[in-house]
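Visitor: Sequence first, then the predicted structure, then my questions.
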Amino acid sequence: MNQPEKTIICGFTGTAVMTAGSELMSKLFDENFSEPGHLETMIARLAPGYHQKGK
């Protein structure tokens, strides 16, 4: 297996594990641990002119 293949596999695996962990934490603690939701909040706070709620 060459380096690009290893990098792609590690990227997919890491993303899948992080997503599964976030979903599990959301279910266990009844909180929102979803990365897209947190990214939306961060963008709205850091760049309010670029964030258009509802679009």
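Guide: Noted; the coordinates are in hand.

Visitor: Past whatever helix or strand Leu24 lives in, which element shows up next along the chain?
Guide: Per DSSP states H and E, Leu24 falls inside helix 3-29. Under the assignment DSSP H and E, the closest C-terminal helix or strand after helix 3-29 is helix 35-46.

Visitor: still on that earlier bit, next one: the helix holding Leu24 to chain centre, how far?
Guide: The offset between the C-alpha centroid of helix 3-29 and the centroid of the whole chain comes to 9 Å, using Cα atoms, centre = their mean, to the nearest Å.

Visitor: Share the number of residues neighbouring Glu31, please.
Guide: By other Cβ atoms under 10 Å, 9 other residues sit near Glu31. C-beta here means a position set from N, CA and C on the backbone, and glycine is covered the same way.

Visitor: For the spatially most central residue of the chain, which non-adjacent residue is closest in space?
Guide: Nearest to the geometric centre of the chain sits Glu35, at 3.3 Å (Cα atoms, centre = their mean). Distances taken as Cβ to Cβ, 6 or more residues apart in numbering put Ser22 closest to Glu35, at 6.3 Å, once the chain neighbours are dropped.

Visitor: ok, the one you found touching Gly37?
Guide: No. Between Ser22 and Gly37 there is no contact, the gap being 9.9 Å when judged by Cβ atoms under 8 Å.
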